[in-house]
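Colleague: Need coordinates for the below:
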Amino acid sequence: MAASLSFTAEELAQVRFSVSPMWEVLTSFRVLTRPGLYPVHGPWFDQVRPRLAAAGLLTGHLSALFHAPSYVPDFLTPAPANSTPTLEEELAAIQATSEDHLSADLDIYDEKVPNGVIPPFAERLRNHREQALGELSKDIEHYFQIALAPYWSRIKTLLESDIYYRARQVAEYGAARLFNDLHPDVSWNSGTLRMLHRQRVLCRDDNAPGLILVPSAFAWNKIYTRAATGDVPQLCFGARGVGTLFERRAAGPSDAVAAVIGRSRALLLAELEAPASTSDLATRTGMSAGGVSEHLTALRGAGMVSAHRAGRSVLYARTSVADSLLAAAV
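Modeller: Below is the predicted model:
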């Protein structure tokens, strides 16, 4: 099925971009449900899946809403209010979902669930909306902290770079080039945006003017659309450069970096190619846990390391500041 969305000149002027944490939650969770289908995300998959399994998040409330293979309820991706909404802002919008909106989404979801077997949590959403949405939001926040927060600096930099590239396309060549370069299934002609292989029809009469374009690190080679009545439609697409996002970088600390911040701290930054706990780093480097903790505190204070709770552990991750420092010294 193909979908199309027509634009007047005024509506075209309201096209905008957004980096959405909730879109990254949904597209990344889909990657986790299809092992081996997204090899570019293999390193991330191998790192986070065991942690999520241990936390029970692969079979929790969020997973219940992925039982319909061709549909995830629209209320999970509220229209971003600005170009960089926080997860907290998007969760607040989810918890404010009206009874009518939620019911309409769940009606579609129920129709698409295989064999008509509705997960108990989907029924709980319908019958105990406020409590269930609160429980779901807690699950999503927990999932984000484990699966995305340690990598968020890299992911956000990638997505913002994609937006910059596409904004340059508009400036140099116009909106037609922007749309025609998004994805092979997306094309622009005579004021109409066409999208192939859509499960649902977009209809301008039911939606607010404009379009929100959402780059994603996990959409990979797919596009996703969201078209809830009364809201600005959204188009989520794979960002450029995802193949480099989780690739392994320099194996060890350079002498130049070590001369500036010390060899132990340079070694810890090099080891943080993937997020790790204090005990992991102590085992791999031979330092004491106390020494590692002291160095991480200093690196965190300098903005080179961020900390993220994952169950009983705290995972440390390099920030974009540290990535730039290491890259410049290679």
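
Colleague: now the strands: where do they sit in the stretch 151-300 of the chain?
Modeller: Here the stretch 151-300 of the chain has its strands, by DSSP state E, counting those that start in this stretch, at 186-189, 192-195, 211-216, 223-226, 234-238.

Colleague: Using JSON lines, please lay out those together with distance to residue 174, mean pLDDT and mean neighbour count.
Modeller: Any C-beta I mention is one placed from the backbone N, CA and C, and that applies to glycine too. Putting those into JSON lines (distance: least, Cβ to Cβ, whole Å; pLDDT from 0 to 100; neighbours: other Cβ atoms under 10 Å) gives the following:
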{"stretch": "strand 186-189", "distance to residue 174": "10", "mean pLDDT": "89", "mean neighbour count": "16"}
{"stretch": "strand 192-195", "distance to residue 174": "14", "mean pLDDT": "86", "mean neighbour count": "18"}
{"stretch": "strand 211-216", "distance to residue 174": "15", "mean pLDDT": "95", "mean neighbour count": "24"}
{"stretch": "strand 223-226", "distance to residue 174": "21", "mean pLDDT": "89", "mean neighbour count": "21"}
{"stretch": "strand 234-238", "distance to residue 174": "18", "mean pLDDT": "94", "mean neighbour count": "23"}
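
Colleague: would you list these in JSON lines and tack on distance to residue 145?
Modeller: Formatted as JSON lines, the strands of the stretch 151-300 of the chain follow (distance: least, Cβ to Cβ, whole Å):
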{"stretch": "strand 186-189", "distance to residue 145": "33"}
{"stretch": "strand 192-195", "distance to residue 145": "33"}
{"stretch": "strand 211-216", "distance to residue 145": "19"}
{"stretch": "strand 223-226", "distance to residue 145": "23"}
{"stretch": "strand 234-238", "distance to residue 145": "22"}
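
Colleague: what's the closest of these to residue 7?
Modeller: strand 192-195 (6.9 Å; Cβ to Cβ).

Colleague: Out of the strands of the stretch 151-300 of the chain, the one nearest residue 286 is which?
Modeller: When the strands of the stretch 151-300 of the chain are compared by Cβ to Cβ, strand 211-216 sits nearest residue 286, at 39.1 Å.

Colleague: So in that sheet, which strands flank the closest one, and in what orientation?
Modeller: Applying DSSP bridges, strand 211-216 is found paired with strand 15-17 (parallel), strand 234-238 (parallel).

Colleague: so for the first one, what's the average pLDDT?
Modeller: For strand 15-17, mean pLDDT is 93.

Colleague: Which SSE is immediately downstream of that strand?
Modeller: helix 21-32 (DSSP states H and E).

Colleague: from the chain's centre, how far out does that next one sit?
Modeller: 5 Å (Cα atoms, centre = their mean, to the nearest Å).

Colleague: Report the angle between the helix or strand following it and helix 21-32.
Modeller: Remark: after helix 21-32, the chain's next helix or strand is helix 42-54, criterion DSSP H and E. When axes from the mean of the first three to the mean of the last three Cα atoms, to 10 degrees is applied, the directions of helix 42-54 and helix 21-32 differ by 90 degrees.

Colleague: what packs against helix 42-54?
Modeller: Helix 42-54 makes packing contacts with helix 21-32, helix 129-147 when contacts are defined by 3 or more Cβ pairs under 8 Å, 6 or more residues apart in numbering; DSSP states H and E.

Colleague: who wins for proximity to residue 236 among those helices?
Modeller: Using Cβ to Cβ, those put helix 21-32 closest to residue 236, at 5.2 Å.

Colleague: angle of that closest one against helix 129-147?
Modeller: Using the same axes, to 10 degrees: helix 21-32 against helix 129-147 is 70 degrees.

Colleague: which helices and strands does helix 21-32 pack with?
Modeller: helix 42-54, helix 61-64, helix 87-95, helix 129-147, strand 211-216, strand 223-226, strand 234-238.

Colleague: That helix - what's its average pLDDT?
Modeller: Here the average pLDDT along helix 21-32 is 96.

Colleague: give me the low-pLDDT residue ranges for the stretch 1-150 of the chain?
Modeller: 1-2 (pLDDT under 70).

Colleague: quick one: residue 36 from residue 113, how far?
Modeller: 24 Å (Cβ to Cβ, to the nearest Å).

Colleague: if you count what's nearby, which of those two comes out ahead?
Modeller: The residue with more neighbours, out of residue 36 and residue 113, is residue 113; 15 against 7, by other Cβ atoms under 10 Å.

Colleague: Fine, thanks again, bye for now.
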